[in-house]
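Visitor: got a sequence here, can you build the structure:
(chains A and B)
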Amino acid sequence: MNIQEYISSGILELYVTGAASPDERKEVERYALEYPEIKAELDAIEDALNLYATSNGVQPPSHLKNKILGDVAGKTSDIGESENTIVRSLNINSASKTSNYFYLAIAASVLVLISVGSFFLTRSDSDSVRKYQIQEGMLSLIQKKDSILNDSLATLTASYKQAMNDMAILKDPAYKMVELKGLKPAPDAKVMVCWSASKKKVYIEVDKLPATPKGMQYQLWAIVDGKPVSEGMLGPGGGLHHMPDVENAQAFAITLEKEGGSTTPTMDAMYVMGTT
Amino acid sequence: MTANVKISEEELVSALKSGDQKSLGILYDNYSAALFGVIMRIVESQENAEDVLQEVFVKIWRNISSYERSKGKLYTWLINIARNSAIDSLRVKDYKIKSQIRNIDDSVNRINKQQSLSIHPDHIGLKALVDKMKPEYKLLIDKLFFEGYTQEEASEELNIPLGTVKTRARTAIGQLRELFEKEKAIIK
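Guide: Model (predicted):
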C-alpha cells in the first residue's frame, strides 16, 4: 500500500470529522494500528480540528455546571463491564439498537393511526386551525418514523454486509482454518486464523483472549522458514479482521507486546500458537 | 486547552475510568465550552442546548469505559458524543426536513446568534485566526465536523462532486493546520 497516497486522499480527515462510512472507518482504524505514519497524521488532524472546536467554544451559563455534575453524580457508571472483554461483538450491539428502533417504529405507527383516526373524527369540525395542527402532527410523526426506519435499515445493512463478507471467506476452499491454541499464560485462549497459501491472504478472528493490560497490545506473527514475521497488531472489535499478506507460513502465533508492536516476538509472552 | 487545572489527557481518562467524580469537574471545566459550542451549532434554542449538554455529560460518564485511545483522542470522542446527541435531539423534531429548507438567512442568523453569546476570552485570538480561513473551506469543515453531515449530504448541500468532498476536506483541514502552526511559531 502507498501510505502517502492514502494519507493525501482525504479519507483521514473524513474519519476524524465522523463523515467516513462504516467500511472506511474500519479500514482507517486497521491501518492506523498497522502504520505509525497514518496514526501520526490522524493525531495531527485531530489536534487541528480540536483547536478549531476550542476556537468556536461557547461558554455555557455558569449555573449549569453544578446542575450537570449533580445529575451525573446520581447515576452510576458501568465501569468494568466492557473492560473485561477485549472483543465485543459489534453484532450484539447493533441488534439491540435495532430492536429499540423497532419498538419506537411500532410506537410511532400506533401514534400515526391514532392521529389519522382523530383527523377523521374531527373532520366535521369547522375549526380549520385544529385540522391543520393534526395534519402537522401527523406529518411530523411520519417523518420521525421514516427516520427511525432509515436508521435501523442502515444498521442492518452494515451488519449484513459484514456477515456476508465473513461468510464468503469462510466458505472459500482456498482458505485453511488454523486453530491457535492457548499456551502457558492463558491455556484456554483460542484464536482462529484463516489463511490461503495461494492467495497469501490472512484473516483472524479472536475467539478468546485475556484483556490486554494498559499500554500493551497483541501482535500476530507468522513463522516463515523458521523465522517470525510480524503480521500486525490486533485491533478491537469482533468479526474477521484482514491482516497483512503472507506466503509459506508454517505457523501463526500471538504475543503480548508494548503498544504499537515489537520487531521480534517476546517469547515468554506467547499466548497462542498453531501450525498450518 | 482552557485548562484551569493542568492534567494530561491520559491522566484524566484513567481518573474518569476509575469513577473519580472530581475528574468529571475537571473535564467540565476543560471541555464544556467547546462541547456547548458544537451543540449550539445544531440545536436552535439555548434551553434545548443546555438539556443536550447535560445529556452529553451523563453519556460521557456512563460510557467512558468504552473509550479507547487507539481509536482517537479524548477530545474528538467528546465532540462526537456532543454532535450526535445534538442531532438526535433534533431528529425528534424533524431535523432532516427542516435542514433541507433552512435557507441562507437562517444560517446567517445562527452565526450571529452564536457570536452574540459569550466567547471564551482565551479564544478570541484563535477565533480571529480561524476567520482567516477561506470561507468555502470553513463551511465544509463546519458541515462535516460540527453539523454531522455525511459525505453525500455535504456534496449535495454545497453542490460539489462527491469525490471532491474528500480532497477538499483535506485541503481545508490542511489550511487550518497551517494557521495553527504559524500561530504556535509566533507565540514561541
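
Visitor: chain B contacts on the stretch 101-250 of chain A?
Guide: Contact residues (CB under 8 Å from any CB of the partner chain) of the stretch 101-250 of chain A with chain B: A:140, A:143-144, A:147, A:214, A:235-236. C-beta here means a position set from N, CA and C on the backbone, and glycine is covered the same way.

Visitor: what's the most distant pair in these?
Guide: Farthest-apart pair in those is A:S140 and A:K214; separation 47.6 Å (CB to CB).

Visitor: ok so, going back, which of the residues of the stretch 101-250 of chain A next to chain B are buried?
Guide: Buried subset of these (neighbour count, 16 or more other CB atoms under 10 Å in any protein chain shown): A:143-144, A:147, A:235-236.

Visitor: just checking, which of those belong to helices?
Guide: Taking DSSP state H as the definition of helices, those contribute A:143-144, A:147.

Visitor: including pLDDT, could these go into TSV?
Guide: Converted to TSV, these look like this (pLDDT from 0 to 100):
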residue	pLDDT
A:Q143	80
A:K144	78
A:S147	80
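
Visitor: nearest to A:G226 among these?
Guide: Once CB to CB is applied, the member of these that ends up nearest A:G226 is A:S147, at 57.9 Å.

Visitor: helices of the stretch 1-150 of chain A, start to end?
Guide: Using DSSP state H, counting those that start in this stretch, the helices of the stretch 1-150 of chain A run over A:3-8, A:11-17, A:22-34, A:36-55, A:64-73, A:90-121, A:128-171.

Visitor: then chain B?
Guide: Under DSSP H, chain B gives helices at B:9-17, B:21-42, B:46-63, B:74-91, B:95-101, B:104-116, B:124-130, B:135-141, B:151-158, B:162-187.

Visitor: export those to CSV and tack on distance to A:A249?
Guide: CSV is the format used below for the helices of chain B (distance: least, CB to CB, whole Å):
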stretch, distance to A:A249
helix B:9-17, 37
helix B:21-42, 46
helix B:46-63, 39
helix B:74-91, 37
helix B:95-101, 50
helix B:104-116, 57
helix B:124-130, 51
helix B:135-141, 45
helix B:151-158, 38
helix B:162-187, 36
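
Visitor: can you redo those as CSV with mean neighbour count?
Guide: Below are the helices of chain B laid out as CSV (neighbours: other CB atoms under 10 Å in any protein chain shown):
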stretch, mean neighbour count
helix B:9-17, 16
helix B:21-42, 22
helix B:46-63, 19
helix B:74-91, 21
helix B:95-101, 14
helix B:104-116, 11
helix B:124-130, 16
helix B:135-141, 17
helix B:151-158, 17
helix B:162-187, 17
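
Visitor: what sits against the residue nearest to A:G235 when sequence neighbours are not counted?
Guide: Of all residues not flanking A:G235 in the chain, A:L33 sits nearest, at 5.0 Å (CB to CB, 6 or more residues apart in numbering or on different chains). Shown in contact with A:L33 (CB atoms under 8 Å, 6 or more residues apart in numbering or on different chains): A:39, A:217, A:232-235, B:70.
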